[in-house]
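Peer 1: Sequence plus predicted model, see below.
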There are 2 protein chains.
Amino acid sequence: MGPKTTRRHQQGEESKERILDAVIQIAAERGYEGTTVSLVSERSGLPVSSIYWHFGNKDELIAAVIERGFRAWSAEQAEPFEVDPAATRRELIAAILHHDVGSLARRHPEFLRFGLMLTLEQRAEEPKGRTLFLEARETSLERIVGGLALVLEAERIPDDGFARRLGQLIIATVDGLFLATRASLDLDDLNSHLDLLAGAIDLLIEERTPR
Amino acid sequence: MGPKTTRRHQQGEESKERILDAVIQIAAERGYEGTTVSLVSERSGLPVSSIYWHFGNKDELIAAVIERGFRAWSAEQAEPFEVDPAATRRELIAAILHHDVGSLARRHPEFLRFGLMLTLEQRAEEPKGRTLFLEARETSLERIVGGLALVLEAERIPDDGFARRLGQLIIATVDGLFLATRASLDLDDLNSHLDLLAGAIDLLIEERTPR
DNA sequence: TCGTCCCTGAAGCGATGGCTCCAGGGAATA
DNA sequence: TATTCCCTGGAGCCATCGCTTCAGGGACGA
């Protein structure tokens, strides 16, 4: 399975990375349709034939960049993330928000931006990259719902889909806040809005807590 | 100022409408770049030359469709909207949400969808339509902030930008929820999430109320 | 009935889209 | 040194892109 000519193979991997770097940059600016192979070639400094040699066609190229982005983000999510045991519930929720979704907006803005574009689009035949992004998003939802379910359980709140609804609300809000950074909101505002959101979620849970 | 040949002029207006109908349909599916004049011609049944005769070029065409969408939505927002005087604050907030922003998602989904695409995009020269959409969005924010400010005032909560932050949170959430309808959320869920959001806003205000 | 003006139809411009082909170059292996 | 295999370079295919041009057709006021 291993490559025969290591050195040469390594250079190929580097080329792939350079190409994908160019793709995510362009795609985040101009969307699927606006991402042209010749532009990718120009910005990456590699010839068109290399792009096709590595990725086969445009759809696979786009899919590859989504996959790489999701992998990078997943790796970060998997990092253990410690919380002060004395933290309030609200602080705990805020921590989840910042770690799980806020990080996406902060550390992989191009990935999220392009992913949201793909989400909005709809063409005759679904780009592979769109499917991948939606799956990634679903995975992320499950993660958040899992975290919320633990919180609800600790409060003895029966979870009849409540955690899921909260999770959907959270993801939606973060998406929307990120979108707003494309208009007039700046990144610092985004973080403070995340805290506001954490407060709102906390209060919604409080309201449901039996006593 | 009036048209000379009324009948012919009227037909021209109808053609314009048919063209814009085709544009918003295509643009909501495929974005700015994916909206080609020849496709618009095909779907509207009118020749390319008519499109250019009416709108001059592609950028103006896109701008016109955004403008029409915003006008339609504004007209609806301007409609008086009555609230039960006995309504709770939460119900009042929910009513504002449904009337001001929810209506956009429900009644002009293509407009919102395309607008969000434009918001995400960024090309060398900003399309006129994008600027228009962002202005529309700003107007809408002011409206909501105005409504919230009244609520805060009634509760004697000092408004040091709190209303604006809530407004931004609301718009972001609605955008995000709409986005989610492009993935897996259905429209009924959107409405129930709006109520959840109204509850969250209500609780955030409650928390700030001096007593 | 005539001329005017709004709009349409068809043809076609240069540029660019995705994609293919194929002759190599150059490191690794024999 | 000879051979193999990964990758690159560049020319070029055909379709379609945005956009333009211009000769009319048809309803109107005169």
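Peer 2: Done, it's in.
Peer 1: Going by C-alpha atoms from here, please, whenever you check contacts or count neighbours.
Peer 2: Will do.
Peer 1: Please identify the buried residues of the strand or helix carrying A:Glu135?
Peer 2: Taking DSSP states H and E as the definition, A:Glu135 sits inside helix A:128-154. By neighbour count, and taking 16 or more other C-alpha atoms under 10 Å in any protein chain shown as the criterion, the buried residues in helix A:128-154 are A:129-134, A:136-137, A:140-141, A:143-145, A:147-149, A:151-152.
Peer 1: same thing with stretch A:51-64?
Peer 2: With burial defined by 16+ other C-alpha under 10 Å, the residues of stretch A:51-64 counted as buried are A:Ile51, A:Phe55, A:Lys58, A:Glu60, A:Leu61, A:Ile62, A:Ala63, A:Ala64.
Peer 1: re earlier: so the helix holding A:Glu135, near chain B or not?
Peer 2: Yes: applying C-alpha under 8 Å from any C-alpha of the partner chain, one finds that helix A:128-154 is in contact with chain B at A:Leu134.
Peer 1: Counting by contacts, list what that helix packs against.
Peer 2: If contacts are counted by 3 or more C-alpha pairs under 8 Å, 6 or more residues apart in numbering or on different chains; DSSP states H and E, helix A:128-154 sits against helix A:58-78, helix A:89-96, helix A:109-120, helix A:162-181.
Peer 1: and the angle for that helix with helix A:109-120?
Peer 2: Note on geometry: by axes from the mean of the first three to the mean of the last three C-alpha atoms, to 10 degrees, helix A:128-154 and helix A:109-120 are set 100 degrees apart in direction.
Peer 1: and the angle for helix A:128-154 with helix A:89-96?
Peer 2: Computed by the same axes, to 10 degrees, the angle between helix A:128-154 and helix A:89-96 is 160 degrees.
Peer 1: anything in helix A:128-154 near DNA strand C?
Peer 2: No: Helix A:128-154 lies out of reach of DNA strand C by C-alpha under 7 Å from any atom of the strand, never closer than 12.4 Å.
Peer 1: pLDDT of that helix, averaged?
Peer 2: For helix A:128-154, mean pLDDT rounds to 94.
Peer 1: Repeat that for stretch A:104-117.
Peer 2: 96.
Peer 1: low-scoring pLDDT stretches of chain A, where are they?
Peer 2: For chain A, the stretches with pLDDT under 70 are A:1-9.
Peer 1: could you pick out which of the buried residues of stretch A:51-64 are near chain B?
Peer 2: The residues of the buried residues of stretch A:51-64 that also fall near chain B, by C-alpha under 8 Å from any C-alpha, amount to none at all.
Peer 1: Which members of those residues are the farthest-apart pair?
Peer 2: A:Ile51 and A:Ala63 (13.4 Å; C-alpha to C-alpha).
Peer 1: Can you give the domain ranges for chain A?
Peer 2: Under the assignment automatic domain parsing, the domains of chain A span A:1-56, A:66-208.
Peer 1: From start to finish, how long is the last one in a straight line?
Peer 2: In this case it means domain A:66-208. 38 Å (C-alpha to C-alpha, to the nearest Å).
Peer 1: if you look at that domain, does any of it touch DNA strand D?
Peer 2: No: against DNA strand D, domain A:66-208 shows no contacts by C-alpha under 7 Å from any atom of the strand, the least distance being 12.8 Å.
Peer 1: Any idea how far that domain is from the middle of the chain?
Peer 2: If you compare the mean C-alpha spot of domain A:66-208 with that of the full chain, they lie 9 Å apart, counting by C-alpha atoms, centre = their mean, to the nearest Å.
Peer 1: Now do the contacts for the closest residue to A:Gln168 other than its chain neighbours.
Peer 2: Distance criterion C-alpha to C-alpha, 6 or more residues apart in numbering or on different chains; nearest residue to A:Gln168, sequence neighbours excluded, is A:Leu141 at 7.0 Å. Residues in contact with A:Leu141 (C-alpha atoms under 8 Å, 6 or more residues apart in numbering or on different chains) are A:Gly167, A:Gln168, A:Ile171.
Peer 1: now the helices and strands packed on helix A:128-154 in JSON lines, with distance to B:Leu185?
Peer 2: Compiled in JSON lines, those are given as follows (distance: least, C-alpha to C-alpha, whole Å):
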{"stretch": "helix A:58-78", "distance to B:Leu185": "21"}
{"stretch": "helix A:89-96", "distance to B:Leu185": "23"}
{"stretch": "helix A:109-120", "distance to B:Leu185": "12"}
{"stretch": "helix A:162-181", "distance to B:Leu185": "9"}
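Peer 1: Out of the ones you listed, which gets nearest to DNA strand C?
Peer 2: helix A:58-78 (3.7 Å; C-alpha to the nearest atom of the strand).
Peer 1: Compute the inter-axis angle for the closest one and helix A:128-154.
Peer 2: Taking the same axes, to 10 degrees, helix A:58-78 and helix A:128-154 form an angle of 20 degrees between their directions.
Peer 1: elements contacting helix A:58-78?
Peer 2: With 3+ C-alpha pairs under 8 Å, 6+ apart as the test, helix A:58-78 has helix A:6-34, helix A:109-120, helix A:128-154 packed against it.
Peer 1: Next one: A:Leu196 from A:Ala22, what distance?
Peer 2: In this view, A:Leu196 and A:Ala22 are 35 Å apart by C-alpha to C-alpha.
Peer 1: Spatially, what comes nearest to A:Glu110 if we skip its sequence neighbours?
Peer 2: Leaving aside its sequence neighbours, A:Glu110 sits nearest to A:Ala28 (C-alpha to C-alpha, 6+ apart; 5.2 Å).
Peer 1: circling back to that earlier point, what's the closest of the contacts of A:Leu141 to DNA strand D?
Peer 2: Of all the contacts of A:Leu141, A:Ile171 has the smallest distance to DNA strand D: 33.2 Å, by C-alpha to the nearest atom of the strand.
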